[in-house]
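Colleague: Predicted model follows, preceded by the sequence.
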Amino acid sequence: MIWGFEDASVAFGARTVLDGVTLGLEPSSVSVVVGGDGAGKSTMLRALVGLVRLSGGKVLRPPRNQIGFVPSTAGLYKDLTVDENLSFVGRTYGVRGKELAGRSSELLERTGLDRARSRLAGRLSGGMQRKLALGLALLHRPALLALDEPTTGVDPISRAELWRLISAAAADGTAVIAATTYVDEAGRASEVVLLERGKPIAVGSPGEIIAGIPGKIGLERVKDRPEGFSWRWGADWRVWAPSGHLPDGAEPLSPTFEDAVMVAELNHERRV
C-alpha cells in the first residue's frame, strides 16, 4: 500500500462516523467509495487528505502539496474567471510562469473550457464548474486525488466527460479516490468500498464483491412483491436467497454489481 487507511475510525464526541476502514491506494489506480447520504463518504475523504483527525487507526498520505482535493461543493472561486482560478491555485502550489501557462492550456483543452477562459466561474454551468474544479485539483500533478461526489447534479454527458478526465489522471500516475452515490460508477474502479453508517460492509474489486455474494440471486416474474429479501427490477423482482435455495418459480441469475451492493446492504441489516 502506498497511501490509504489501516483500521481507521473517526468519532465526533460519542458518535462514530467512520468505523474500521482499511484501504490501499496505489499509483495509477481508481478507487470508489459508495454509500448513501450520511454513510461517511465525505468524512472518509476529509480524513484521508488531513482535514479530519482520526480517532483510531492509521492514515498514510503524501505531503499536502502533493494532494488534490475536490469537495462536494464547487471547489473553485466563483467571483474569479477561469484563467484567474487557474493562476491563483497554480501559484498557491508553486506552479508559475511557462509551467503554469502550459499546464493551464493543457487542462483547459482536456476539460473543454479553453473557450471560457475569461468567463466568471460562477457563470459556468454545473457540469463546467465540476470540470474546472477537477482541473484545478490536477494543476500541480498530485500524487493523490480525492474527489467528493464529483458527478452529483450534472447531466449524463458531463458525467461521462468527468470520468474520462478522472481516468486520464490515473493513467498519468495519480492515485484517485472518488466518493459517489451512483452504484454504476463503481464499475469503473479497481477497488470499491461500500459504506453503511460509517462501516465498510464490502471491500474489493467489483468482481470480488460480486463473487463474495452469499447464497443465490433469482428473478421472479410476478406482480406482487415476493416474500423474503427482494427488490424491484423493471416489471419483475430480484430475489436473494441467503441459504442458496431459491423459491419455486424463481429463475437463477448471474448477479450484477448492483445486485451485489443490494445484497451487501441486506446482509448487513440482518446482522445488526
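Modeller: Cool, the structure landed.

Colleague: right, and residue 161 touches residue 131 too?
Modeller: Yes. Using C-beta atoms under 8 Å, residue 161 is in contact with residue 131, at 6.8 Å. For the C-beta atoms, the positions are set from N, CA and C on the backbone; glycine is no exception.

Colleague: So which of those two has more stuff around it?
Modeller: Using other C-beta atoms under 10 Å, the more surrounded residue of residue 161 and residue 131 is residue 131, with 25 against 21.

Colleague: show me the contacts for the more buried one.
Modeller: For residue 131, the contact set (C-beta atoms under 8 Å, 6 or more residues apart in numbering) comprises 111-113, 158, 161-162, 165.

Colleague: at 10 Å instead, please
Modeller: 107-108, 110-113, 116, 124-125, 150, 154, 158, 161-162, 165 (C-beta atoms under 10 Å, 6 or more residues apart in numbering).

Colleague: host element of it?
Modeller: Element membership of residue 131, judged by DSSP states H and E, is helix 126-138.

Colleague: Break the protein into its domains for me.
Modeller: In terms of domains, the chain is parsed into 3-207, 209-271 (source: automatic domain parsing).

Colleague: Give me whichever of the ones you listed is most buried.
Modeller: For those, ranked by mean neighbour count under the definition mean count of other C-beta atoms under 10 Å, the leader is domain 3-207 at a mean of 18.

Colleague: any idea which of the contacts of residue 131 is the one closest to residue 201?
Modeller: residue 150 (22.9 Å; C-beta to C-beta).

Colleague: quick revisit: so how far is the helix holding residue 131 off the chain centroid?
Modeller: Relative to the centre of its chain, helix 126-138 is centred 15 Å away, using C-alpha atoms, centre = their mean, to the nearest Å.

Colleague: what touches both of residue 161 and residue 131?
Modeller: Between them, residue 161 and residue 131 share these contacting residues under C-beta under 10 Å, 6+ apart: 110-112, 154.

Colleague: Of these, which belong to helices?
Modeller: Per DSSP state H, helices hold the following members of the shared contacts of residue 161 and residue 131: 110-111.

Colleague: Go through the shared contacts of residue 161 and residue 131 and name the one nearest residue 85.
Modeller: The nearest member of the shared contacts of residue 161 and residue 131 to residue 85, counting by C-beta to C-beta, is residue 111 at 11.9 Å.

Colleague: so who does that closest one touch?
Modeller: Contact analysis of residue 111 by C-beta under 10 Å, 6+ apart lists 82, 127-128, 130-135, 138, 161-162, 164-165.

Colleague: what do you get for residue 4?
Modeller: Going by C-beta under 10 Å, 6+ apart, residue 4 touches 21-26, 31, 48, 58-61, 144, 175, 177, 191.

Colleague: what's the helix or strand harbouring residue 43 packed up against?
Modeller: Applying DSSP H and E as the criterion places residue 43 in helix 41-49. Contacts defined by 3 or more C-beta pairs under 10 Å, 6 or more residues apart in numbering; DSSP states H and E place helix 41-49 against strand 3-12, strand 15-25, strand 30-34, strand 56-60, strand 67-70, strand 144-148, strand 175-180, strand 191-196.

Colleague: Quick one: mean pLDDT over that helix.
Modeller: For helix 41-49, the mean pLDDT works out to 96.

Colleague: what's the answer for stretch 251-269, then?
Modeller: Rounded mean pLDDT across stretch 251-269 is 92.

Colleague: Format the CA atom coordinates belonging to that stretch as PDB.
Modeller: In PDB, the C-alpha atoms belonging to stretch 251-269 read as follows (Å, rounded to 0.1, in the frame of the first residue of the first chain):
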ATOM      1  CA  GLU A 251     -35.100 -18.100 -12.400                       C
ATOM      2  CA  PRO A 252     -31.400 -18.300 -11.300                       C
ATOM      3  CA  LEU A 253     -29.400 -15.200 -12.400                       C
ATOM      4  CA  SER A 254     -25.800 -14.200 -12.600                       C
ATOM      5  CA  PRO A 255     -25.600 -11.200 -10.200                       C
ATOM      6  CA  THR A 256     -24.600  -7.800 -11.400                       C
ATOM      7  CA  PHE A 257     -22.600  -5.300  -9.300                       C
ATOM      8  CA  GLU A 258     -25.900  -3.500  -8.400                       C
ATOM      9  CA  ASP A 259     -27.200  -6.900  -7.100                       C
ATOM     10  CA  ALA A 260     -24.000  -7.300  -5.000                       C
ATOM     11  CA  VAL A 261     -24.500  -3.800  -3.400                       C
ATOM     12  CA  MET A 262     -28.100  -4.600  -2.600                       C
ATOM     13  CA  VAL A 263     -27.200  -8.000  -1.100                       C
ATOM     14  CA  ALA A 264     -24.300  -6.400   1.000                       C
ATOM     15  CA  GLU A 265     -26.800  -3.900   2.400                       C
ATOM     16  CA  LEU A 266     -29.400  -6.500   3.200                       C
ATOM     17  CA  ASN A 267     -26.900  -8.900   4.700                       C
ATOM     18  CA  HIS A 268     -25.600  -6.100   6.900                       C
ATOM     19  CA  GLU A 269     -29.000  -5.100   8.100                       C
END
